[in-house]
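[1] just need the structure, nothing else, for what follows:
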Amino acid sequence: MNLVKRFWTALVLLTFLFVVLQYASRTVMYLVLQAVVIAALVEFYNLARRRRLQPKNGPGIFLALLLGASFFVSGLSLEIALFFGLAGVGLYYLIASRTLEAAVRVTESIALTVFGAVYIGFTLNFLLPIRFEYGRAYLYFLLAVIFLGDTGAFFIGKLIGRHRMTPIASPHKTWEGAGGGLLFAGLGAWAAQAVFLPLVPPGEAVAAGLAVSVAAQIGDPLESLFKRAAGVKDSSNALPGHGGFLDRLDSLLFAVPFFYFFVRFVWKPVG
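    Numbers count the residues shown, from 1 in each chain. Have a look, this model is predicted:
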């Protein structure tokens, strides 16, 4: 039954993802991204609450949406968004901290609230400039590399994995699996270059794929570390058979901005 749930959930998600990436306007994609950011951010805060920590949804979502708006609204720079977002979070805590008990816990609460907003709201929104500054082909290349890298890490790790890479965060992740992820990501980049980015030299595409895979393999166990701290397997049950939104996004959170910077400053771009 779980495999059936995983299949149908994956089919729906992949179909929706394709439609958004292929056909959605900039406004629609922006709005979809913000909805996903909010869902994943709430899951992150709920993980923290399992350890009796107290991040706040309201100011965190406010900061995340303001950071997201800087990718969409002309004239709203990231610096301005970050300043007013932090000022708004600070003002909230000044007003809300009315007891000594609340004041004692305000540092950890602010830290978690701000970190979650930046960790998810800042990183994921780089999908927008990749899509509309450089084009669909770059996004398809990126997603192919991440998907194949994750697949390779899973199967190679299952097959020959012996040496644990992050025993505390994710005991099942191994160095052999990580190597398999790099191998599949490199092969995926080589194939995706031929299909989506034929003007990019194959060697550069493979190098980009390997670098993106490294970034993805940092994001994945980091999210696992948060779940291990909370004592849960999945960030939520929002996606039947797949856990939560944060579980599906973990490999993207560092890989997406890294790839944007790679395209912007190394490829500049080609084509």
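
[2] please make it C-alpha for all contacts and neighbour counts, starting now.
    OK.

[3] can you tell me how far F16 is from Q22?
    Taking Cα to Cα, to the nearest Å as the measure, F16 falls 10 Å from Q22.

[4] which one's more surrounded, those two?
    Q22 (15 against 12; other Cα atoms under 10 Å).

[5] so which elements touch the helix or strand encompassing that one?
    According to DSSP states H and E, Q22 maps onto helix 2-23. If you count contacts as 3 or more Cα pairs under 8 Å, 6 or more residues apart in numbering; DSSP states H and E, helix 2-23 packs onto helix 26-49.

[6] now the helix it packs on: average pLDDT?
    Taken as a whole, helix 26-49 has a mean pLDDT of 96.

[7] tell me the angle that helix makes with helix 2-23.
    140 degrees (axes from the mean of the first three to the mean of the last three Cα atoms, to 10 degrees).

[8] determine how far helix 26-49 lies from the middle of the whole chain.
    Taking the mean of its C-alpha atoms, helix 26-49 sits 10 Å from the chain's own mean (Cα atoms, centre = their mean, to the nearest Å).

[9] and it, what's buried?
    26, 29-30, 33-34, 36-48 (16 or more other Cα atoms under 10 Å).

[10] contacts only, for F141.
    189, 192-193, 196-197 (Cα atoms under 8 Å, 6 or more residues apart in numbering).

[11] all helices for the stretch 101-250 of the chain, in order.
    Here the stretch 101-250 of the chain has its helices, by DSSP state H, counting those that start in this stretch, at 106-116, 123-124, 127-129, 136-160, 175-196, 202-230, 245-249.

[12] S236 is nearest to which of these?
    helix 245-249 (7.6 Å; Cα to Cα).

[13] any buried residues in that closest one, and which?
    For helix 245-249, by 16+ other Cα under 10 Å, it's 245-247, 249.

[14] now tell me what touches that helix from outside.
    Helix 245-249 is contacted from outside by 36, 39-41, 43-44, 223, 234-236, 238-239, 242, using Cα under 8 Å, 6+ apart.

[15] make TSV out of the residues you listed and add distance to E79.
    Listed next are the contacts of helix 245-249 as TSV, based on distance: Cα to Cα, whole Å:
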residue	distance to E79
V36	23
A39	24
A40	23
L41	21
E43	26
F44	24
E223	26
D234	34
S235	30
S236	32
A238	33
L239	34
H242	35
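
[16] of those residues, closest to A87?
    The closest of these, once distances to A87 are taken by Cα to Cα, is L41, at 19.6 Å.

[17] okay, domains of this protein per the record?
    1-125, 135-271 (automatic domain parsing).

[18] most packed of those domains?
    When the domains of the chain are scored by mean count of other Cα atoms under 10 Å, the highest mean neighbour count falls to domain 135-271 (a mean of 20).

[19] avg pLDDT for that one?
    pLDDT averaged over domain 135-271 gives 90.

[20] begin at 36 from now on, thanks
    All right, first residue 36 from here; so that's domain 170-306.

[21] H277 against F42, yeah?
    No - using Cα atoms under 8 Å, H277 is not in contact with F42; the gap is 9.5 Å.

[22] re earlier: list of residues touching the helix holding Q57?
    With contact meaning Cα under 8 Å, 6+ apart, helix 37-58 is reached by 63-64, 166, 171, 274-277.

[23] stretch 178-196 now?
    207-221, 223-224, 227, 244, 247-248, 251, 286-287.

[24] returning to what we had before: so which of the contacts of helix 280-284 would you say is closest to F157?
    Comparing those against F157 with Cα to Cα places L76 closest, at 11.3 Å.

[25] check contacts around the closest one.
    96, 151-152, 155-156, 281.

[26] let's see 7 Å
    By Cα atoms under 7 Å, 6 or more residues apart in numbering, the contact set of L76 is 151-152, 155.

[27] export only the CA atoms of the helix holding Q57, formatted as CSV.
    The C-alpha coordinates for helix 37-58 follow below in CSV (Å, rounded to 0.1, in the frame of the first residue of the first chain):
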residue,chain,number,x,y,z
ASN,A,37,2.8,2.4,0.8
LEU,A,38,4.4,1.8,-2.6
VAL,A,39,1.0,2.5,-4.2
LYS,A,40,0.7,5.8,-2.2
ARG,A,41,4.3,6.7,-3.2
PHE,A,42,3.6,6.1,-6.8
TRP,A,43,0.4,8.1,-7.1
THR,A,44,1.8,11.0,-4.9
ALA,A,45,4.9,11.1,-7.1
LEU,A,46,2.9,11.1,-10.3
VAL,A,47,0.7,14.0,-9.1
LEU,A,48,3.7,15.9,-7.8
LEU,A,49,5.8,15.4,-11.0
THR,A,50,2.8,16.3,-13.2
PHE,A,51,2.2,19.5,-11.2
LEU,A,52,5.9,20.4,-11.2
PHE,A,53,6.1,20.0,-15.0
VAL,A,54,3.0,22.1,-15.6
VAL,A,55,4.3,24.9,-13.4
LEU,A,56,7.8,24.9,-14.8
GLN,A,57,6.7,24.6,-18.4
TYR,A,58,3.6,26.8,-18.6
